[in-house]
Each structure stands twice: as C-alpha cells, then as structure tokens.
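Undergrad: please work out how this folds:
(chains A and B)
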Amino acid sequence: MLEVSLTHRFEGIALDIGFQAPAGLTVLFGRSGSGKTTIVNAVAGLLRPDAGRIVVDDRVLLDSARGIHLPPHRRQLGYIFQEGRLFPHLTVRQNLKFGAWFSARTPPRAEFDRVVGMLGIGPLLDRRPGALSGGEKQRVAIGRALLSAPRLILADEPLAALDAPRKAEILPYFERLRDEAAVPILYVSHSASEVARLATTVVALETGQVIRQGPAAEVLGDPSVLPAGAREAGAVLSARIAAQHEDGLTELDAGGHPLFLPRIAGDTGTPVRLRIAAHDVILSRERPVGLSSLNILPGTVAELRAGEGPGAMVALDTPAGRVLARITRRSASALELAPGQSCHAIVKSVAVAPDDIGGR
Amino acid sequence: MSNLLANWLGPEEWRAVALSLQVSFWAVAASLPPGLFIAYALARWRFPGKQLLNGLVHLPLILPPVVTGYILLLGLNPNAPLGRALAEIGIVFAFSWTGAALAAAVMAFPLMVRAIRLAIEAVDPKLEQAAATLGAAPVWVFLTVTLPMVLPGIVAGAILAFAKAMGEFGATITFVSNIPGQTRTIPSAIYAFLQVPGGENAAMKLVLVSVTVAMAALLLSEWVGRRVAARVGGRDA
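TA: Model prediction:
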C-alpha cells in the first residue's frame, strides 16, 4: 500500500493531492499539466515538494513535518521512465544488473532468469542499448526496474514514446506485472484505453487536484474524469468466458447478461476485461427488433450530461455494469431521455483484455 | 629503440626529449584530478564566484605566456611567502623540472578543463537520476554513469593538454629558466641550439622529434576517442 499526500506549487499549478494506491496497478490519470509526473517524481525523490507525506508499507519516504526526505537511492523503487533511460555504455545484461550492484539483497540467479524470460529479452543480453528497437529498450527498462528488488514500481507514461504496434507489444507485460508483482505499481497515463486495460485503481487528476479515485470500472464510468472528453470516453466491464460456440463466436457472461464476440482464446470461466467506447453505443427506448447487432443491453439511464457542442453523454446502468453512450443532444431530447428512464444499449464493438479478477 | 634514438640524438638532445616527456606526463597526470573536479563544478554546480573561477581557469589561454611565467615566478620563488612555505615542506618549483611541469600544467589547464566540461555537459542528467532510483548513491552515480560517459572528453582533454605541455615555452623559460637537464625541454633546447653557431643540425633533429610526438598524440587521441565514443554511444562495439 502506497499513501501519498502532497502540496507543491510549480509553473502556475498548485498541486494539492492525497490518494492511496493498494496492491495492483494504480493509474494517475489526467491530461498533461495536471501534475501527474510531478507526483511520481516526488514519490521517487527526484523532486522535493513544498510539503507532504509519502509512505510505502509503513516505511516513511517523505514527511515534511518531521523533516524526513529520503534521497532517491534509499527509497527502494523501480522507476520505468517514458524514454527508457538505459545506460548506453553498459550492455543489456549490465543494465539489468545495475540495481543489484547497490542492493543489499542481490536477486538470485533464478529471479534474473525469470524476469529475462518473462520479458523475452534473453537474446539481447550481450547487446548495447543503442542497437535496440524502442519496444526492446522499454522491455529492458521494465526488467531493470524489476531486478532492483523494488518495494514500489513507478512508471511514467512508459508507452507514450512508442508507436501502436510497439504499445501492443509492451502492454501485456504490464498486465503480467500487475497480476504477478507483489508490490504496488503507480502508473502515469493520459490514454483512456491504456487505463481501461491496465488499471486496478484509478486516481483522476485535474490541474493539481484529485477529482475522483477508486476502482477502475467505477471511475472510468464517470465521463467527467476523461481528459480528452467525450472522444475517449468508454466504460470498463468485467466478464467471464461462458462458452465457445461453433460458429466462431465466444459467449461472455457479463453480470448474468450474455455478450457475443468474435473468438477470444481462453477456457470457460476465464475472466476478461471489456472496454466499450462511448461512441460505439447506440441507444434505443424500445428493445429493437430486426437488428443485426447481437449485443443489446437493457438498462436505466443513470446520468445525462450535455457537453459543449451538439454532443451528450449518457450513463446507463445495465446488468453488466455502467455503460457510457455518446449521442447527440438532439437524439437525447427526441428520445426524452432522463434519469430513471429505461433504455437499451446497442453495442457495436468491444475491446477485450485479460483480467485479474482474482480477489481484487 | 631508445638506444638508437639516443645515438642519433646525442646526449644533450636526448636529455631534452626525455625531460619534455617527463614534464608533460606529470603536468597532465597531476592536473587531471583537479581538472576533472573544476570541470564538473563549472558544468553542474551553481556557486558564487563561478564566473571568476571560469575566468581564472581560462586566463593562461589569453595572457602572454611570459606574463603567466612571471606571475608563477613572483608567487613561487623561494623568497616569496608561498614559495618559502612550500620549500619548508620540501616542495620546490623554482629552477627545477617540477617547476617546468607546473608551468606546462597551468598553460594546458584551460584546454583540459574545456574538453572535460563539454563532455560533462553532454551527459544527460536524466541518466544520473535513473541510476539514483536504482539505488546508486551520488558517488556511485558519478563512478558508474557520469565518469564512463565523460571518458572520451577526458581522453581528448588529456591528450590535448599533453601536446600543449610538450610545446610550452614562454611561461617555462620565464619561470624556471633554461637549465640543461633540469628545465631545458624540447622547445627551450631548440631555442638554445639556434642561439649558437652550428646548432641548426641538433635543432632540426628536435623539430623532427616534436613533429613525430605531436602526430603520434593526435593519432592516438583519434583512435582512443573513436573506441570510447562507440562504447559510450551504446553501439555494439
């Protein structure tokens, strides 16, 4: 468990935040300038905030009231930077072992082999960072942070510098990290899809303030927290694989309601995480008939929010969880939508990621 | 090889060559640690008097060498307070080879500091931060990250300083005179040979030695620099 409370003034922003990050992956989420990186750097000790208190599992890293400010090298963390920051004069192997040179507890050889295997960087060990691709560099950077025996892992937009295929290459490693690492992970992002896929807990920030914090599905169901506004809005649902059908479809069980998707690998009962983008949802007052769409969720309108311009965001409570729909204001008034109104959500497409429901 | 060289050169010329190498080596070796320290301070720290220190370091580059030599003589002659204090603990510069080394070191210092400072400024402090988050205390950050990455600059600075020390004449002859075997380095010897009739032959030999040593230093620095830069640049060597 990581506990952070900070106040810090910089570049015209007054940062004043407090949050808790339990085990699993906590995303600091907000647009640039909201203070995300400042918070991570304060946790790392690279920046000394005006005032604050940072505690990891009863270990005080910072307590300005008591004059405690541990330097970065005594904080026992693994920091994965946006640009990798591998040491160019060292080989990949030496980069990976760098943390162990200074750690009281040298990770056993088996641990080194396990991390190298998990990240698939065995063939790179004797090369130098200058010759690696962006995705390879970032995998080595993850390994380097893990092998310093950290009590807390920090990641500052580790995928932001990568193109889409490289992102897709790295994301699964963070999923495994989230599910396998015993230490909390604090992860900075401004990408809603990244958050939807990775987050256990979300701390949403806006101009130096925490505007929402809590479990991922709960926070992401609130359209007001999304930095890019309606364009990126989407709901996160948990589901399990219910059956594999012969026509190539997989049936999911989302809160007792079936959803049909193109084949997802996995055994019956495997938990998955779904992200339904708000612009992929159509609303209908009546249960539609004669429609090609397989996935229609009944629900009631929980919240209706008119944004700037012609758009409106509708939050719908369904058996599967809260679903967001982005429609026009004109449609909203034509359908006479209002909180409490029953409605059907027609889902055009769903993104799927493996989930770690086990107890979290 | 050295026998051959000694026979070709004659004892007096050979002494000048050996002395020059000795003086230049010690000038570089002794000024490298303070040079590194001052380069680091100028590149990374903010402190009052930074511009003054920067000016002082660069002064020998701009002053006439004779003036630099005379200032050293004024400050360090056995009758001056500083010179006397040093003499009491056994350090004598005036009219000895150590004085020649000091004069060469002072004259070469700006070149060395400049090269190292540029190299330090080129090191991304973000890499040093990364090392700190991995548990490296500041001294270890310097030894394992900063220093190896600055190595090309140190090598370049040292070789440049060595070449400058080999050629130093004005400050040396003013500070420690031109005593055969003590302070007569190659440039002083060439100057002395040219003052006497029939000395042109010996002077010419020393000119050849000078050119050879300078070329060798240049080639060596290129070679070492390329190797180290490839290593530090993160390419597979």
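Undergrad: quick one, what contacts the closest residue to A:Thr328 other than its chain neighbours?
TA: Distances taken as Cβ to Cβ, 6 or more residues apart in numbering or on different chains place A:Pro310 nearest to A:Thr328, at 5.1 Å, with adjacent residues excluded. In this view, the C-beta of every residue, glycine as well, is placed from N, C-alpha and C. Residues near A:Pro310 by Cβ atoms under 8 Å, 6 or more residues apart in numbering or on different chains: A:Thr328, A:Arg329, A:Arg330.
Undergrad: what is the neighbour count of the first one?
TA: Put plainly, it is A:Thr328. A:Thr328 has 12 neighbours, counted by other Cβ atoms under 10 Å in any protein chain shown.
Undergrad: tell me who's in contact with it.
TA: A:Pro310, A:Gly311, A:Ala312.
Undergrad: in strands, which of those fall?
TA: A:Gly311, A:Ala312 (DSSP state E).
Undergrad: list just the nearest of the contacts of A:Thr328 to B:Leu53.
TA: When the contacts of A:Thr328 are compared for distance to B:Leu53 (Cβ to Cβ), A:Gly311 comes out closest, at 61.8 Å.
Undergrad: hang on, A:Leu28 in a strand?
TA: Yes: A:Leu28: assigned to a strand according to DSSP: H, G, I helix; E, B strand; the rest coil.
Undergrad: tell me the spacing between it and chain B.
TA: The gap separating A:Leu28 from chain B is 17 Å, by Cβ to the nearest Cβ, to the nearest Å.
Undergrad: run a quick neighbour tally on A:Pro108.
TA: 9.
Undergrad: for the contacts of A:Pro310, give me TSV that also has secondary structure and pLDDT.
TA: Shown next, in TSV, are the contacts of A:Pro310 (DSSP: H, G, I helix; E, B strand; the rest coil; pLDDT from 0 to 100):
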residue	secondary structure	pLDDT
A:Thr328	strand	85
A:Arg329	helix	83
A:Arg330	helix	86
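Undergrad: could you tell me which residues of chain A lie near chain B?
TA: A:44-46, A:71-79, A:81, A:83, A:85-89, A:98-99, A:101-103, A:127-131, A:144-145, A:148, A:154 (Cβ under 8 Å from any Cβ of the partner chain).
Undergrad: swap in 7 Å and give it another go.
TA: Residues of chain A found near chain B, taking Cβ under 7 Å from any Cβ of the partner chain as the criterion, are A:44, A:46, A:72-73, A:77, A:79, A:81, A:85, A:87-89, A:98-99, A:102-103, A:127-131, A:144, A:148.
Undergrad: may I see the PyMOL selection of the buried members of those residues?
TA: If you want just the buried ones from the residues of chain A next to chain B in PyMOL, going by 16 or more other Cβ atoms under 10 Å in any protein chain shown, the selection is:
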select buried, chain A and resi 44+46+72+73+77+79+81+85+87+88+89+98+99+102+103+127+128+129+130+144+148
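Undergrad: thinking again about what came up before, now render the contacts of A:Pro310 as a markdown table, adding distance to B:Val23.
TA: Formatted as a markdown table, the contacts of A:Pro310 follow (distance: Cβ to Cβ, whole Å):
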| residue | distance to B:Val23 |
| --- | --- |
| A:Thr328 | 86 |
| A:Arg329 | 87 |
| A:Arg330 | 90 |
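Undergrad: any idea which element the spatially most distant residue from the centre of chain A lies in?
TA: Distance from the centre of chain A peaks at A:Gly290, with 37.7 Å (Cα atoms, centre = their mean). Using DSSP states H and E, A:Gly290 is not contained in any helix or strand.
Undergrad: can you tell me how far it sits from chain B?
TA: Distance from A:Gly290 to chain B, counting by Cβ to the nearest Cβ: 60 Å.
Undergrad: relative to chain B, which residue of the stretch 101-250 of chain A is the closest?
TA: Distances between the stretch 101-250 of chain A and chain B by Cβ to the nearest Cβ are smallest at A:Gly130, namely 2.9 Å.
Undergrad: and that residue, how far from A:Leu86?
TA: In this view, A:Gly130 and A:Leu86 are 9 Å apart by Cβ to Cβ, to the nearest Å.
Undergrad: show me the beta-bridge partners of A:Lys205.
TA: Lys isn't right for residue A:205; it's Leu. On the basis of DSSP bridges, A:Leu205 is bridged to A:Val210.
Undergrad: go on, the one 10 residues further on?
TA: According to DSSP bridges, A:Thr201 are recorded as the beta-bridge partners of A:Pro215.
Undergrad: might one say that it is in contact with A:Ala199?
TA: No: at 8.6 Å, A:Pro215 and A:Ala199 do not qualify as touching, with contact defined as Cβ atoms under 7 Å.
Undergrad: which one's more surrounded, those two?
TA: Taking other Cβ under 10 Å, A:Pro215 and A:Ala199 do not tie; A:Ala199 has more neighbours (26 against 16).
Undergrad: for A:Gln125, which residues are in contact?
TA: One thing to correct before we go on: residue A:125 is Leu, not Gln. A:Thr91, A:Val92, A:Arg93 (Cβ atoms under 7 Å, 6 or more residues apart in numbering or on different chains).
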